[in-house]
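> after the sequence you'll find the predicted model.
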Amino acid sequence: EGVSQYLRMRSLNASLSAVSFSACAVVSCIVVFIGSATITDGYSHTSMHQFLRPTTLASLTLRSGSKNDGGGSSTRSKTTEVKAAVTESAEATEDPEVEKKSVVVLSKTKVGGSNGGFYHRIQHQSEATGTPMTFGLFLPSSYKSEESSIPTSVPVMFWLSGLTCDDTNFAQKAGSRAFEAAEKEGIAIVMPDVSPRGDNVADDETAYDLGKGAGFYIDATEDPFGTHYQMRSYIASELPQLLKDQFHLDGPKSISGHSMGGHGALSIAFEDPSSWTSVSALAPICNPTECPWGNKAFVNYLGDCDAGKPYDATCMLAERSGPLVEYDDILIDQGTDDEFLEEQLKPDSLLAAADKCGQKVTINMREGFDHSYYFIAAFIEDHVKFHAERLHKKQRMDLLAEASTYDFSETEGKPITCKAMVARAPKQPMTEEDITVDPPKAGEVRVKVVANALCHTDVYTLEGSDPEGLFPCILGHEAGCIVESIGEGVTSVKPGDHVIPCYTPQCGEAECVFCMSPKTNLCPKIRSTQGQGVMPDGTSRFHDKDGNDIFHFMGCSTMSEYSVIAEISCAKISKEIALEKACLFGCGVSTGLGAVWNTCSVEQGSSVAVFGLGAVGLAVIQGAKMAGATKIIAVDINSSKFDIAKDLGATDFVNPTELDKPVQQYIAGDLTDWGVDYSFDCTGNVDVMRSALECSHRGWGESCVIGVAASGHELSTRPFQLVTGRVWKGTAFGGFKSRKDVPSLVRDNLDGKLPIDHFITHRFNGVGSTNDA
């Protein structure tokens, strides 16, 4: 029936989202609905939705457009509701609180690039407006939907649309650029409707600037609008709480908007600056008590235009004796050819009030731009970046404050019993066990492991390929940790510090020729005992429930809630970065970047071939792009990896299984004249290592071996390949000196120079889920 109605309304530019749910499975108190179909303006696709809570009703909306100040069509808005019931247990439907607080995902669409996030349309019953309310929600790929012990969350930018818009206008007309920018910056965007809607909601059908589609982001007091038009309470209070409760979006939030939405953003932020990290606007109604739109809204919603002064951003600034110290800047973009500039928007009034109280406002007058969504799309990326910088800064400051609350005094100097994943034998799944972790001895540090990243070296050892693999052991060597206690003589870290354990230590002693040499990072200070699976004094700090020793792994052993490592293996990092991100610098990402920047020193304009597109290979591509390589060839037998490789800078893509000749011949003969300047093996396969060498440039090509080959495997090539100028080299941890260089990589990430969120594709909570990972 809904599809039929949709087809009948296509001539009105209507769109329908029809949702059907099936196969409901409850696992660990998470309700998963599978099989959602979305039909939108002539195409269909299927997707899977995972809900955090059960739902009771799906309410879908068919809309025609309307004349607007914000980009709708020329027809007055009309709404038809289509309802789809969702079958649930009697226990769920009998609880009125469940029904009141439930949310329904109407549609879910992949956006923001091939490795991007999802745009959702979501409906819920609003307590503030007393009506169903629909909002859009973009969640970047860095979003994690489940609670965990990791002290981080995705920041949120609220976007408020203008007159006659609904929750979809921004997503449809500016979303492409906005979502891609938000994905890059790692922030969410929430896009609420501009007014309540429904058959019982008051409206003025003769006007586009009053009633439905024109809520003006205030709390109305006058009949007939006072019952439902409570948009200020909805935006400022109810919606943020819902995002926190239902989606765990409880981090910093900012606000922006266009025209009427710009008025809403400015006035909401000025009213409660402690709740909004930053504020910006595009072509905002700056002084609504002095313009026709605002006068009409305030008289009808509040009874008098002067009653609108508490909602007028210009009036709010004019009453201040000093600036809003929470805002270092307020960003406004305005088109010079905006047809509403002089009569309705009045940015000069806002600037005068800001100047009077000393508030910094940056207003960019954009030559030739009007009031439409073309204008918004042109500059929305600037606003996303503006907010992202401030949101992430606020997030880092919150992390610093939270990190300072750890108290390890009760465990200092005592054995700790905790959970760990123990590898009992090769080719066997690890087992979750209670183990005892001894206090650190001289020169050692005991750490609380907050987050682990997986490396193929862990799998390589577990499958029995590592000649130094010892069992039973605790694997893991890419982690973000907090120092719990320190042993005698430790001076470089203290309890509460954040560290990344590094399998390549750095003693830094003057007599260590390796640490003193700029040519290598291979400090041998504890190499012998590390390879024997013990601490520098020759003993283990891990014991199983029967008191038997458990071997250490790579000097790290981070697949445990607590571990003990050598001080010289601790890279102390800023507390501003979330440890679930910081752990990526513990091995693979650093190794790939360093192979490019340190081991091979790839130059501007170079050509590069990368074999193997796991995390290391993708990091090589990212590093090569940052170094200025102009031809980057991505090689993998899994073509599905090419999309993310392209996003990171790859220019050419080769699947060797699809060639009729050896891959080295194809690269050195078809894609290039003589081969590439630099090639990198990131597979650990000795045949691939040979291919990588032989596709490097005659006379000067360099090939770097990064992947670790299985025990007993040897390299081979014709000596003539080296005689004719090619160089074969290898790298460990990318040549980075761990304690000196890892903190700098973290700082580059915090400064926005080195994004790494794209390396995280899955999240699991608790050490016990390591086998699942």
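Cool, got the structure.

> and the strands in the stretch 301-450 of the chain?
330-335, 361-366, 416-422, 431-437, 444-452 (DSSP state E, counting those that start in this stretch).

> could these be laid out in CSV, adding mean neighbour count and distance to Arg747?
In short, each C-beta sits where N, CA and C put it, glycine included. Shown next, in CSV, are the strands of the stretch 301-450 of the chain (neighbours: other C-beta atoms under 10 Å; distance: least, C-beta to C-beta, whole Å):
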stretch, mean neighbour count, distance to Arg747
strand 330-335, 24, 26
strand 361-366, 15, 27
strand 416-422, 21, 31
strand 431-437, 18, 30
strand 444-452, 25, 19
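
> nearest to Ile376, out of those strands?
strand 330-335 (8.8 Å; C-beta to C-beta).

> same for the closest one, what does it pack against?
If you count contacts as 3 or more C-beta pairs under 8 Å, 6 or more residues apart in numbering; DSSP states H and E, strand 330-335 packs onto strand 280-282, helix 347-357, strand 361-366, helix 373-403.

> deepest-packed of the ones you listed, please.
Greatest average neighbour count among the helices and strands packed on strand 330-335 goes to strand 280-282 (a mean of 30), per mean count of other C-beta atoms under 10 Å.

> before we move on, back to that, and the helices and strands packed on strand 330-335, which one's lowest on average pLDDT?
Sorting the helices and strands packed on strand 330-335 by mean pLDDT places helix 373-403 lowest, at a mean of 90.

> got a list of what the residue minimising distance to the centre of the chain touches?
Geometric centre of the chain, nearest residue: Ser142, 2.6 Å, by C-alpha atoms, centre = their mean. Applying C-beta atoms under 8 Å, 6 or more residues apart in numbering to Ser142 gives the contacts Gly117, Val154, Gly186, Asp757, Ile760.

> how many neighbours does the last one have?
If I follow you right, that is Ile760. 16 (other C-beta atoms under 10 Å).

> would you map the strands across the stretch 551-700 of the chain?
562-566, 570-573, 607-611, 631-635, 652-654, 678-681.

> what's the least confident stretch among the ones you listed?
In terms of average pLDDT, strand 570-573 trails the rest of the strands of the stretch 551-700 of the chain, at a mean of 93.

> report the distance from that strand to the chain centre.
Relative to its chain's centre, strand 570-573 lies at 23 Å (C-alpha atoms, centre = their mean, to the nearest Å).

> when you give positions from now on, start the count at 27
Right, with 27 as the first residue, what we last looked at is strand 596-599.

> identify the residues contacting that strand?
Taking C-beta under 8 Å, 6+ apart as the rule, strand 596-599 contacts 471, 473, 509, 518-519, 523-528, 608, 611, 764-765, 768-769, 772.

> which of the residues you listed count as buried?
471, 473, 509, 519, 523-528, 608, 611, 764-765, 768-769, 772 (16 or more other C-beta atoms under 10 Å).

> which stretches of the chain have low pLDDT?
27-127, 170-178, 429-431 (pLDDT under 70).

> go again with 80.
Scanning the chain for pLDDT under 80 picks out 27-128, 139-141, 170-179, 347-348, 351, 425-432, 492-494, 736-737.

> picking that back up, so which of the buried ones among the contacts of strand 596-599 belong to strands?
Judged by DSSP state E, the subset of the buried ones among the contacts of strand 596-599 located in strands is Val471, Val473, Val509, His524, Val525, Ile526, Pro527.

> nearest to Cys317 among those?
Checking those one by one against Cys317 (C-beta to C-beta), the nearest turns out to be His524, at 51.1 Å.

> list the contacts for the closest one?
Ala429, Gly506, Cys507, Ile508, Val509, Lys598, Ile599, Ser600, Lys601, Ile603, Leu605, Ala608.

> biggest separation within the residues you listed, which pair?
Val509 and Ile603 (15.6 Å).

> Throw the strands of the stretch 327-476 of the chain into a markdown table and include distance to Tyr327, thanks.
What follows is these, written out as a markdown table (distance: least, C-beta to C-beta, whole Å):
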| stretch | distance to Tyr327 |
| --- | --- |
| strand 356-361 | 25 |
| strand 387-392 | 27 |
| strand 442-448 | 57 |
| strand 457-463 | 59 |
| strand 470-478 | 49 |
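
> closest one of the contacts of Ser168 to Ile732?
Ile786 (20.5 Å).

> wait, that closest one touches Glu606, no?
Yes. Checked against C-beta atoms under 8 Å, the pair Ile786 and Glu606 is within contact range at 7.5 Å.

> ok, and what's touching stretch 289-300?
Contacts for stretch 289-300 (C-beta under 8 Å, 6+ apart): 184, 186, 242-243, 257-258, 261-262, 281-283, 302, 304-307, 310-312, 314, 320, 336-339, 342-343, 350, 352-353, 356, 376.

> and that stretch, C-alpha only, in CSV?
The C-alpha coordinates for stretch 289-300 follow below in CSV (Å, rounded to 0.1, in the frame of the first residue of the first chain):
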residue,chain,number,x,y,z
HIS,A,289,19.2,32.2,14.4
GLY,A,290,18.4,29.0,16.3
ALA,A,291,22.1,28.0,16.5
LEU,A,292,23.3,31.5,17.7
SER,A,293,20.6,32.0,20.3
ILE,A,294,20.7,28.5,21.7
ALA,A,295,24.5,28.7,22.1
PHE,A,296,24.4,32.2,23.6
GLU,A,297,21.7,31.1,26.1
ASP,A,298,23.7,28.2,27.4
PRO,A,299,27.4,28.5,26.3
SER,A,300,28.6,25.9,28.8
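
> flag every buried residue along it.
His289, Gly290, Ala291, Leu292, Ser293, Ile294, Ala295, Phe296.

> can you flag which of these belong to helices?
His289, Gly290, Ala291, Leu292, Ser293, Ile294, Ala295, Phe296 (DSSP state H).

> mind checking the end-to-end distance for stretch 498-514?
With C-alpha to C-alpha, to the nearest Å applied, stretch 498-514 spans 28 Å between its terminal residues.

> and it, what's buried?
Neighbour-count burial for stretch 498-514 [16+ other C-beta under 10 Å]: 498-513.

> off-centre distance for it?
Using C-alpha atoms, centre = their mean, the offset of stretch 498-514 from its chain centre is 26 Å.

> which residues touch Pro452?
Per C-beta under 8 Å, 6+ apart, neighbours of Pro452: Thr487, Leu488, Glu489, Gly490, Gly495, Phe497.

> out of those, which is nearest to Ser632?
Thr487 (34.1 Å).

> check the burial of that closest one by counting its neighbours.
For Thr487, the count of nearby residues is 24 (other C-beta under 10 Å).

> what do you get for Thr787?
9.

> what's the closest non-adjacent residue to it?
Leaving aside its chain neighbours, Thr787 sits nearest to Ser167 (7.7 Å; criterion: C-beta to C-beta, 6 or more residues apart in numbering).

> between the ones in strands among the buried ones among the contacts of strand 596-599, which is nearest Cys730?
Ile526 (23.1 Å).

> thought that closest one was touching Val768?
Yes. With contacts counted by C-beta under 8 Å, Ile526 reaches Val768, the gap being 5.6 Å.

> quick one: common contacting residues for these two?
Ala597, Ile599, Phe611.

> quick check, nearest of those to Thr677?
For the shared contacts of Ile526 and Val768, the nearest to Thr677 is Phe611 (26.4 Å; C-beta to C-beta).

> thought Leu771 was touching that closest one, still the case?
Yes. The pair Phe611 / Leu771 is scored as a contact, 5.2 Å apart, by C-beta under 8 Å.

> surely Gly778 is within a strand?
No. Going by DSSP: H, G, I helix; E, B strand; the rest coil, the assignment for Gly778 is coil, not a strand.

> for it, which non-adjacent residue is spatially closest?
That would be Glu415: by C-beta to C-beta, 6+ apart, it lies 7.4 Å from Gly778.

> what's the burial count for Ser742?
By other C-beta under 10 Å, the burial measure for Ser742, its neighbour count, is 8.

> I'd like to know how many residues surround the nearest residue to it once chain neighbours are set aside.
Spatial nearest neighbour of Ser742, excluding adjacent residues (C-beta to C-beta, 6+ apart): Arg716 at 6.4 Å. Other residues near Arg716 number 20, with proximity taken as other C-beta under 10 Å.
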